[in-house]
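[1] need a structure here:
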Amino acid sequence: MSDKSLHSELTGLSIIELRNLLDNKKISCKELVSAYVDRISKYDKSGPKLNSVRELNPDVFEQAAYLDDMLKEGQSKGLLHGIPVLLKDCIDTKGAIHTTCGAVMMKDHYAECNAFIVDRLLNAGALILGKANMSEWYGFVSTKAPSGYSAIAGGSMLNPYKTGILKPGGSSGGCAVAVSAGLVTASIGTETSGSIIEPAYFCSVVGFKPTTGLVSRSGILPVMTGQDSPGPITENVTDAAIITAFMAGYDKKDITTLSAFKIRNEALLENVDSGKLAGKRIGIARDGYYDDLSEQEKLTFDKAINVLIENGVEIIDNIPDFLPGQIKKHPERYDIHLSSVAMNHEFKVRFNYYLSNLGPDVPVHSLSQLIEWNKAHKSAIPYGQDYLEEIEAINDPLMTEQYLEAKNNDLYICGKMGVNGALKNHKLDALIMPGVAGQGIAPRTGNPIITIPAGYTDSGVPVGLNFVGHFMGDAELLKLARACEKVMPKRKPPVL
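    Numbers count the residues shown, from 1 in each chain. Predicted coordinates:
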């Protein structure tokens, strides 16, 4: 395959298709890397200037040449051998790639070790193409900053469907934009409360947040161990399953991954293409979420639901006892509500620990020092830092009644009376939540959630379907999502 044809067809090539081209010597690993770097140069740094890529791996061509030599000798590490992957810039990488978490203060920081999932990907033969821009400190800096904003990136990444009009989403916005624009075939984002699902939905790609504990978080900026999870952003469900299967596994540095012993990695990928829709029971939590969609988005969403019905899915529509939606729609009726209290408390503790363990290449080692550093470097906080200051003002985090009440409320509202209650009480295979207004519900209970493209409005705005699955039911959720993907309108790559 010539460079020209590879460049033109790059956005439509899956991991399996790239694997076949590499194995049959139609392209080399170096040529594949070169094609992606060329697209990044043309569309991310020039042209529309999507601003999704933070930094390229300076060693990637040398590493690609090594993998090419292996293939010439008849050796292969498997499906990911020579496949380039972008990482969200909060995932540690040892070597010549910075880890900045989107912050100017971290501009000179090199991690001492790879995150656990990075080693898993490298051992599987993947090439780390570089780092993707992200919302600075996951968006914890300022409540006034735009979607996806990062000071070190000089702004936000741009949604390739309507640059400057549609939000890119956060905090894994760079990962979603890069995959959507065909700058890489797969990226790894992270999620605590919608940070994979939101940007994937906005950018019309697949985003998958696995069950909390299936994929290790060690070597990644933490927020809440009960909710944090890395996950893939890809063009299709099968690629998401492939990436997850190679990342999942027990890590002695992350005790939550003991859950990973309950599932075989191969099960995430086996028969992912064999799922059937006929006879599946899928619920929809409309109240509190459906009304947030525009009229055009509602039409597109309803068309997608009708396609599922036509393919034999039994839809249990507008689940009446779904408490999170009821509270959102009628807050005046309830004396319990969801809040960011538990997340803020836990983030303060874990963020301070993270900063304290950074090396001498960063100038601060606590949240209070970061706030003072920002005050002395005003250009680093053009929208202020009210969110950071709010978190720093928390006294005795994790030891207050306010924290415990918020934590218990989260689990009760989102779990027993929310996701898990709906799945159990209505005997559902999955639950659909329209739009992105409810993106933080499933993460609170640790359940897996996946978003897939489901069509476009007349004006070209992407609309997705978000499926929530059973805890540790990742393999079945991926299979269901793949079956849905087959009958949905074909994804339309953005015109750059």
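
[2] ok now stretch 214-230, how far from the chain's centre?
    Counting by CA atoms, centre = their mean, to the nearest Å, stretch 214-230 is centred 12 Å from the centre of its parent chain.

[3] Going forward, count from 65.
    Sure, I'll start counting at 65 from here, so that last one is stretch 278-294.

[4] what about that stretch, start to end distance?
    From its first residue to its last, stretch 278-294 covers 9 Å (CA to CA, to the nearest Å).

[5] in it, what counts as buried?
    Across stretch 278-294, burial judged by 16 or more other CB atoms under 10 Å covers 278-288, 290-294. C-beta coordinates here come from the backbone N, C-alpha and C atoms, glycine included.

[6] for stretch 509-526, same thing?
    For stretch 509-526, a neighbour-count test (16+ other CB under 10 Å) marks 509-521, 525-526 as buried.

[7] Show me those residues that map onto helices.
    Thr509 (DSSP state H).

[8] how far away is the residue nearest to the spatial centre of the chain from Leu186?
    Centroid-nearest residue in the chain: Ile260, 2.4 Å away (criterion: CA atoms, centre = their mean). Distance, Ile260 to Leu186, by CB to CB, to the nearest Å: 21 Å.

[9] List the residues that contact Val241.
    Val241 is in contact with Leu114, Asn115, Ser116, Ala196, Met221, Leu222, Asn223, Pro224, Pro232, Leu247, Pro263, Cys267, counting by CB atoms under 8 Å, 6 or more residues apart in numbering.

[10] In terms of secondary structure, what does the helix or strand where Leu419 lies contact?
    Following DSSP states H and E, one finds Leu419 within helix 405-420. Contacts defined by 3 or more CB pairs under 8 Å, 6 or more residues apart in numbering; DSSP states H and E place helix 405-420 against helix 431-440, helix 450-456, helix 465-475.

[11] Please report the number of neighbouring residues for Ile229.
    11 (other CB atoms under 10 Å).

[12] mind checking the SS state of the residue lying closest to it once chain neighbours are set aside?
    Leaving aside its sequence neighbours, Ile229 sits nearest to Asn223 (CB to CB, 6 or more residues apart in numbering; 7.6 Å). With DSSP: H, G, I helix; E, B strand; the rest coil as the basis, Asn223 sits in coil.

[13] Tally up the residues packed near Asn223, please.
    Around Asn223 there are 29 other residues, counting by other CB under 10 Å.

[14] next one: the one 5 residues further on
    The local packing count at Gly228 equals 8, with neighbours defined by other CB under 10 Å.

[15] Go ahead and confirm it touches Ser220.
    No - in this structure Gly228 lies outside contact range of Ser220 using CB atoms under 8 Å: 9.7 Å.

[16] before we move on, back to that, which stretch among the helices and strands packed on helix 405-420 comes nearest Thr163?
    Of all the helices and strands packed on helix 405-420, it is helix 431-440 that lies closest to Thr163, at 15.7 Å by CB to CB.

[17] Check which helices and strands the closest one is in contact with.
    Using 3+ CB pairs under 8 Å, 6+ apart, the elements in contact with helix 431-440 are helix 405-420, helix 450-456.

[18] Switch those over to CSV; also include mean neighbour count and mean pLDDT.
    Compiled in CSV, the helices and strands packed on helix 431-440 are given as follows (neighbours: other CB atoms under 10 Å; pLDDT from 0 to 100):
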stretch, mean neighbour count, mean pLDDT
helix 405-420, 20, 98
helix 450-456, 17, 98
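
[19] export those helices to JSON lines and tack on distance to Gly352?
    Output for the helices and strands packed on helix 431-440, formatted as JSON lines (distance: least, CB to CB, whole Å):
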{"stretch": "helix 405-420", "distance to Gly352": "20"}
{"stretch": "helix 450-456", "distance to Gly352": "25"}
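
[20] All the strands of the stretch 65-214 of the chain, residue numbers only.
    117-120, 148-152, 191-196 (DSSP state E, counting those that start in this stretch).

[21] who wins for proximity to Ile455 among those?
    strand 148-152 (20.9 Å).

[22] ok, that closest one: who's next to it in the sheet?
    With DSSP bridges as the test, strand 148-152 is paired with strand 191-196 (parallel), strand 250-255 (parallel).

[23] Kindly check the end-to-end length of stretch 251-260 for me.
    Using CA to CA, the two ends of stretch 251-260 sit 11 Å apart.

[24] Sorry, wrong one. I was asking about stretch 546-557.
    Terminal-residue distance, stretch 546-557 (CA to CA): 19 Å.

[25] in that stretch, what counts as buried?
    Buried, per 16+ other CB under 10 Å, within stretch 546-557: Arg546, Ala547, Cys548, Glu549, Met552, Arg555, Pro557.

[26] For the fourth one, give me its contacts.
    Read that as Glu549. Glu549 neighbours (CB under 8 Å, 6+ apart): Val270, Asn300, Val301, Ile516, Pro517.

[27] Can you check my assumption that it lies in a helix?
    Yes - the assignment for Glu549 (three-state DSSP) places it in a helix.

[28] Ile307 versus that one, what's the distance?
    16 Å.

[29] what's the answer for the last one, then?
    Separation of Pro557 from Ile307 (CB to CB) stands at 20 Å.

[30] Tell me how many other residues crowd Pro446.
    Neighbour tally, Pro446, other CB under 10 Å: 12.

[31] Rank the helices and strands of this protein by mean pLDDT and give me the bottom one.
    One helix or strand of the chain scores below all others by mean pLDDT, DSSP states H and E: helix 67-73, with a mean of 56.

[32] just how off-centre is the one helix or strand Phe531 maps to within its chain?
    In this assignment (DSSP H and E), Phe531 forms part of strand 526-532. When distances are taken as CA atoms, centre = their mean, strand 526-532 is centred 13 Å away from the chain's centroid.

[33] Please name every helix or strand in contact with it.
    helix 261-266, helix 359-374, strand 494-496, strand 513-520, helix 538-551.

[34] if I pick Glu334, what's in contact with it?
    Going by CB under 8 Å, 6+ apart, Glu334 touches Ala539.

[35] So for it, what's the pLDDT?
    Listed pLDDT for Glu334 reads 88.

[36] Please apply the same query to Phe325.
    On pLDDT, Phe325 comes in at 75.

[37] Skipping adjacent residues, who's closest to it in space?
    Nearest non-adjacent residue to Phe325, counting by CB to CB, 6+ apart: Tyr314, 6.0 Å away.

[38] The one you found: neighbour count?
    15.

[39] The helix holding Leu419 versus helix 465-475: what angle between them?
    If you take axes from the mean of the first three to the mean of the last three CA atoms, to 10 degrees, helix 405-420 sits at 110 degrees to helix 465-475.

[40] I'd assumed Ile261 was in contact with Val500.
    Yes - if you go by CB under 8 Å, Val500 and Ile261 touch, sitting 6.7 Å apart.

[41] Common neighbours of those two, please.
    Residues touching both Val500 and Ile261 by CB under 8 Å, 6+ apart: Asn530.

[42] The two - which one has more neighbours?
    Ile261 (32 against 22).

[43] got a list of what that one touches?
    Taking CB under 8 Å, 6+ apart, one finds Glu255, Gly271, Lys273, Val500, Gln503, Ile513, Thr515, Asn530 in contact with Ile261.
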